Structure formats: C-alpha cells, structure tokens
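Q: I would like to see how this sequence folds:
(2 chains)
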Amino acid sequence: MTLDLSYGSTLFTVLAALAKILALLLGFGMGLASILTWMERRQSAMMQDRLGPNRANIGPFRAWGITHFLADALKFLFKEDFIPPLAHKFFFMWAPVMSMSPALIVAAIIPFGSDLCWGHVLDPQAAMCETPVLGQIARLDVGILFYFALSSLSVYGATLAGWASHNKWAMMGGLRASSQMMSYEVTMGMAVLGSFLVYGTLEPGAMVLKQQDSLWHWGIFTQPLGFLLFLTAAIAETKRTPFDMPEGEPEIIGYFVEYSGLRFGMFFLGEFIEIVFSSALLITIFFGGWSLPGLHDFAIAHQWPNLVYFLATVGIWSVKVFLFAAFQLLIRWSLPRFRSDQLMQLGWQRLLPISIANVVATALVVLWLNTK
Amino acid sequence: MAIGVKVVTRPGSFSQQMYLPAIAEGMGVTFRHFVKNFFGNVVGQRKKTDIQTIEYPEEKKAYPARHRGLHRLMVRDDGQTRCVACMMCPTVCPAHCITIVAEESPDGTIEKRPRIFEIDELRCVVCGLCAEACPCDAIRMDTLEHAKPVYRRVDAVLDREELLSRSRPSTAVQGGVGELWREKVTGSDQIQAEAPLIPAGPPPGPTAIVEFDRKN
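A: Numbers count the residues shown, from 1 in each chain, chains lettered A, B, ... in the order given. Sure, this is the predicted structure:
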C-alpha cells in the first residue's frame, strides 16, 4: 500500500486538518492565552499607574517580563495536586478538563484566514481552485449553533468543580456559574439572531465573505445593538468582571477554591482561552473576521500570490483577535462588578427584551429591504 | 403595626440607567492612563508617565530624616563607645530586645562600659524608646536603614561591633561640660565654681529605701 499524499487525497485532508488544529489551538490559542495571563497583569498595572510584573527573564532575555507565564507554569507544575478527602474524585479530576475543552473545541468553526489553494500557492489570488484547503478547521453549516452548543457545555466545568469539591463556597460558586451562564445563554442566542438575518447564513466563513467588501458591511455597523448585547453576554459567559459572580474573591472565592497546582492552572488558562476564542467569534460576526475592507480587490488587482494573500489574512485576523482580547482586558479592569441579583435583573429584564426587540426590528428591516 | 418596606427610589435619567455612557467614560479614563503609561514606559521616559512604582533593588526611596531605622552605638572623640552600661535602654525597651552585660572601663574617668551589647532586630518594635531613654546619646536609630533580611534568626541579632560599625562621634559633649557647666551656660562667674553640684547631706541610706518599698 502506498501512501497517497497528493493534494485532495484522504491522508492529505487529514494531515491538513491536523496541522490546522495544532497551529490554531496549540500555536495560536494556547500561545495567546498564555501571553494574556501576563498581559492582563501588566495592562491592568499600566491602567492603574503601576508597572506590573516585569522581572521574569531567561538570562539576559527579559522583554518586559513576558516570560512570566513560563514561570507561572513552572510554579503550577511543582505545586501539590491536592484532592480534598471528601471530594468526588472522578468529577473533581475531570472538572478542569470539562471547563477547558469546550473553549478549545469552539475554535473549530472559527475562520482564521482565507482559503488556500494548495498546489497553486504561487498563482495569483484571482484563480480560485476547486477544492481549497479551508481557512477554518471545520466548515459546518450549523456554524454558530455549534458554538452555542459547546459553550453551554462549558458550564459543566464550573458546576462540577463546585459540586465535587465538597465545599460550600465552591458549591455556591458553581450554582452561581450555572444560573448566570444559563441566563446569558438566552440573550447571547437572541443577540446574534439579528446577525443571522442580516447575513442570511449561520456559517462563520460565509459571514466573513459577506463583510469583506466594505467597512459598512461589518456587523458592528449593521447590528450595533446586537454587538453590544452579544459582547455583554459573551463576557458573562467567560465569567469575568463585571460578571464574575462565580468567583467573587471577597465573598465566596469561587468554584475552584479547592483546586491547586496544574488543575487550578487549567481553570486559569481556560478562562483566557475562552477570551481568545470569544474574541475570535466576535471578530468573525461583527468585525469582518480575517478580511479587511478592500483587501480582496487590492490583492486581485496587484496579482498577489495565493500564499501571500492567505498569510496576510491570517495576520489581520491575529491582530484583530489580539486587539479585541486587549479590549476585553480593558473592560475587565475598568468596570465594577454587579451584585448577583442585579446580574439576573440585567440579564432577564433588560438584555433579553432588548435583544428580542432587536431581532424583530432587524427582521422587519430585512423584509422591507428584500421586498423593495 | 406591620413592618413596612421602604422602597428606595433610584432617580436617574435614561442614559444613566443604560449604563453605557458611564461605562464609556470610565473606560476612557483607564485607557488614557494606559496609553500614557505604556508608551511613556516603552519610549523610556518614565518621568513623563504617572507610574508610581519604585523598582526597589535598583531604585531606592530615601527615608525621611526622622525615620527610626537600625540601631547604632555612638563613639566618643577618642573612639571609645559612649555607652556607660547604665541599663536605661533594656529597662525601657517594651520588647526586651536589648541585652547588656557591663564591665569595668579601663578609662579611669568612666565607670562602666558594655562588654556585650546585643539588639535582637526581630524582637525590636522600632518604638525608639531606647534612644529617648539614653542619657549619653550612645544609642541612636538614625541610620536610615531598615532591618536587613536574614536567612537565620541569629543573624538578626546585632552585636556590639556591628552596632559600632555604623557609628560616628556624637556632637553632644560627653558628660556635659564638667563642673564648670554653670559658667559655660550663663557665661558669668557669679555662681561659685567650687560649689558642689550635689547638695551636701547624708546620702539616703538603705533603710529609707526599704521603707519606701514597703509603703508601696
């Protein structure tokens, strides 16, 4: 049996998918999330007239202390992995995985670059091939619904951790996490429904293509209210300030109070991975994904090779995700937190009616534009 | 009468209830600080930023002049320690951190001097009473240094040599100016130089002391 590695073969498809998964999850997702753990401390320090962590270095390589995340990882590795005697061992051990893996799997539907014509990488962009390597791990027709399905699974991580710890504070944290995430799940779905109507598709890759022609096609301009609602709900989903009820250091510490060592590190890193990929999703729906207005026409006009265009779009996407993640950190360090009942009030009494009104208004406008 | 529930009305315009203008304003403030500090720091112009951090081992902030720091022992003009082992400081010390063992001074004009003078900086509460109590200006806390971190507790106990290592001659005149102090102070010779400073009379005997103790 010979290994058929030619373009379009099964093995090639599998290898390409594996390469994309490794690059996007381990390379980009974990990499940026690790940097974000340091960046959050440094950025918040700069916002509060402090310097923040700038000491970690590898020999003379200091780079503003960027290697702090390595020091943190090393510290987590050497800490005792403590399991409380009365904890439910199985769930206790698997809760961090349950919390982190949905955040990673969500990355599957996010388009990170234009399609790449393998075998024609140096040909001009205009000549698109029949079956390109997608700039996306999986092109699912259900698209964003896949994201909703998985992000609602991630609540199990927090809830299981709270329940399995056999600690009343952790339990309360887990309960708060589940109530909060279920409430905001509804708003999140409603908020993005308007965008579905505007784009006429659920598939994120197609959404990007619909936004690439002009700045005014970006979701932020076609669905400004939807963007605000979705952003609010997304922050509530990532359980960060101003919606950090499940953690609440001064009162209940959080659902991971009993965790130590690398298991706590997984919760910690999982939170930042959620930031990365929720930023990526927000970019995809509301900020044109990997596209830049006019770039496509420019590339065709200047006969850009396929590979160059692909790399440029990946670069644009990375920069956008990075900036949006930084914006999320800015929100987290600027706003005070809500009270638990205020959170529910905001979710059910304000955001949900507004998002339903948004859907109805968008539907009417789309209908009017289509019949005109 | 049933307990009434007081409904607190929260007045506020629509824009206040919407949160968004206030959120934007707040984020504007933090973002302005971030931009100023970040770019100032990257360009290397720390002074133009608002950053308050003092990077300790490299940068040090001077303590105020009256800061109570590490102890030191002062010396006389001839280099002997000024301490006469009068035990004032270990008596007044609320933390019992001063240990003095006295010995006879070879100098004929001085009665005692400390053979051992140790201060446990771990026990010291930095109250400054020892320096206040000292009649000879022998112990001071004006080194402007804080107690240094140590690996072993015993290293935090400063002995006489270490306390003397930061010393310098005191500007105070040892033992006053002697029998002629009245002349020096007043500048006149009206007061008899020969007059004894301590009024004549029998010194208080040991019986008186015992009685005094009984009364208490």
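
Q: Next up, the contacts around residue B:52.
A: A:49, A:50 (Cβ atoms under 8 Å, 6 or more residues apart in numbering or on different chains). C-beta here means a position set from N, CA and C on the backbone, and glycine is covered the same way.

Q: Kindly provide the distance from it to residue A:211.
A: Computed as Cβ to Cβ, to the nearest Å, the residue B:52 to residue A:211 distance reads 43 Å.

Q: and what of residue A:304?
A: From residue A:304 to residue A:211 the distance is 20 Å (Cβ to Cβ).

Q: So the closest residue to chain B within the stretch 201-350 of chain A, which state does it fall into?
A: As assessed by Cβ to the nearest Cβ, chain B sits closest to residue A:334 within the stretch 201-350 of chain A, at 4.4 Å. Here residue A:334 is recorded as coil under DSSP: H, G, I helix; E, B strand; the rest coil.

Q: if you count what's nearby, which of residue A:304 and residue A:211 comes out ahead?
A: residue A:211 (26 against 19; other Cβ atoms under 10 Å in any protein chain shown).

Q: Verify the stated contact: the more buried one with residue A:289.
A: Yes: taking contacts as Cβ atoms under 8 Å, residue A:211 lies within contact range of residue A:289: 6.8 Å.

Q: Show me which strand runs longest in chain B.
A: strand B:112-120 (DSSP state E).

Q: Packing partners of that one?
A: strand B:98-104, strand B:157-158, helix B:160-165 (3 or more Cβ pairs under 8 Å, 6 or more residues apart in numbering or on different chains; DSSP states H and E).

Q: For the ones you listed, could you give me a markdown table that also reports mean neighbour count, distance to chain A and mean pLDDT?
A: Shown next, in a markdown table, are the helices and strands packed on strand B:112-120 (neighbours: other Cβ atoms under 10 Å in any protein chain shown; distance: least, Cβ to the nearest Cβ, whole Å; pLDDT from 0 to 100):
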| stretch | mean neighbour count | distance to chain A | mean pLDDT |
| --- | --- | --- | --- |
| strand B:98-104 | 15 | 38 | 94 |
| strand B:157-158 | 20 | 31 | 92 |
| helix B:160-165 | 16 | 31 | 89 |
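
Q: Okay, now the unreliable bits of chain B?
A: For chain B, the stretches with pLDDT under 70 are B:1, B:171-216.

Q: got the domain boundaries for it?
A: Split into domains by automatic domain parsing, chain B comes to B:15-46, B:72-165.

Q: Do a quick rundown of the strands in the stretch 51-200 of chain A.
A: With strands called from DSSP state E, counting those that start in this stretch, the stretch 51-200 of chain A shows none.

Q: Enumerate the residues of it near chain B.
A: Contact residues, the stretch 51-200 of chain A versus chain B (Cβ under 8 Å from any Cβ of the partner chain): residue A:51.

Q: Can you name the residue of the stretch 51-200 of chain A nearest to chain B?
A: Counting by Cβ to the nearest Cβ, the stretch 51-200 of chain A gets nearest chain B through residue A:51, at 4.0 Å.

Q: What is the burial count for that residue?
A: Residue A:51 has 20 nearby residues by other Cβ under 10 Å.

Q: Can you name the helix or strand that the nearest residue to it once chain neighbours are set aside falls in?
A: Leaving out its chain neighbours, the residue that sits closest to residue A:51 by Cβ to Cβ, 6 or more residues apart in numbering or on different chains is residue B:53, at 4.0 Å. Following DSSP states H and E, there is no helix or strand that holds residue B:53.
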